[in-house]
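**Q** Just to be clear, the model below is a prediction. Sequence and coordinates:
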Amino acid sequence: MRYLLVIVFIIPCLLFASERTVKYTFQGARVEVPADYVIDLSLVGLFKSWIGLDDDSGSFTLAIKPTDIAMGIDGYVADVNGIEQVVRVSIFDVYGESKEKLLSSNRYADAWYAINGYENREVISQDGLFLLFGSKGYRGDFLVLSEFPESTKEMPGNVRDFIVARCFGSNLEPFKNVTCSSKFLVEGGLLTELSYSFENIMFSREIESFAREKLDRWVEVY
């Protein structure tokens with residue numbers, strides 16, 4: 001009987017999610033998203049949306065299908081070894097100094113000036129971008145820059161002028177299954193983090209514009 005009740009509850013929720021929106025409330029903004037984009041939607045979240053309540057959890061994650069992105073970005077790699085290259089979009093409610101620190105260029109000063117653990121760094125040029133590794137031969141996590149990090153020159157003050165993304169992979173299998181992420185702000189001052197495959201790093205700005213366009217339609221500032 002217990003399992004029957006659970007099934008009876010889940011099925012309507014799933015049907016509901018396929019055709020309705022989910023509302024998230026943040027400080028100063030509300031985001032109303034088509035439910036089929038939301039990948040971390042719990043049964044509680046479904047139920048709250050079902051009865052008309054907003055989710056005030058402070059964060060949520062969306063998935064934009066590669067077929068959608070490929071229609072808007074020519075050359076986007078939609079499939080790698082049979083795996084769909086979904087773009088994950090995470091929205092966070094971050095306040096004051098925490099938000100400023102996350103978006104500050106000072107976070108990358110050590111890497112730029114080759115100090116405090118980056119003395120043995122390695123920079124590789126690839127397709128007009130620069131991959132900065134913490135040490136020579138290391139191929140785990142790394143930074144992707146649009147400008148060569150000349151340690152004798154002053155680092156740009158605006159992080160978006162030189163940082164493209166931070167990428168995470170395995171030192172055992174260089175450039176295989178590497179995920180990259182970048183951050184920006186949308187309407188309402190919400191912090192947004194994109195996650196996508198390294199195969200699409202050349203389209204980082206286009207992916208951001210694509211995601212931003214969707215979010216601008218979904219975010220209501222109050």
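**A** Perfect, thanks for sending it.

**Q** residue contacts, the residue lying closest to residue 132 once chain neighbours are set aside?
**A** Counting by CB to CB, 6 or more residues apart in numbering, residue 143 is the residue found nearest to residue 132 once chain neighbours are left out, at 4.4 Å. Glycine gets a C-beta too; all of them are placed from N, C-alpha and C. Counting by CB atoms under 8 Å, 6 or more residues apart in numbering, residue 143 makes contact with 108, 111, 131, 132, 163, 165, 166, 167.

**Q** Please flag which of those sit within helices.
**A** The helices in this structure, assigned by DSSP state H, contain residue 111 from the contacts of residue 143.

**Q** now, which of the contacts of residue 143 sits nearest residue 220?
**A** residue 165 (28.6 Å; CB to CB).

**Q** Model confidence at that closest one, what's the number?
**A** Looking at residue 165, its pLDDT reads 96.

**Q** same deal with residue 86?
**A** For residue 86, the pLDDT comes out at 94.

**Q** and if you look at the one 10 residues further on?
**A** The score at residue 96 is 59. That number is its pLDDT.

**Q** Distance-wise, check the residue most central in space within the chain relative to residue 125.
**A** Nearest to the mean C-alpha position of the chain, by CA atoms, centre = their mean, lies residue 194 at 1.4 Å. Distance, residue 194 to residue 125, by CB to CB, to the nearest Å: 24 Å.

**Q** Over to residue 179?
**A** Plainly put, residue 179 is 22 Å away from residue 125 if you go by CB to CB.

**Q** Give the full set of residues in contact with the closest residue to residue 149 other than its chain neighbours.
**A** Computed as CB to CB, 6+ apart, the closest residue to residue 149 that is not its neighbour in sequence is residue 112, at 4.7 Å. Neighbouring residues of residue 112 by CB under 8 Å, 6+ apart: 149, 151, 155, 162.

**Q** farthest pair in those?
**A** Of all pairs in the contacts of residue 112, the most separated under CB to CB is 151 and 162 at 13.1 Å.

**Q** Out of the helices and strands in the protein, which is least certain?
**A** In the chain, no helix or strand scores lower on mean pLDDT, DSSP states H and E than helix 2-17, which sits at a mean of 44.
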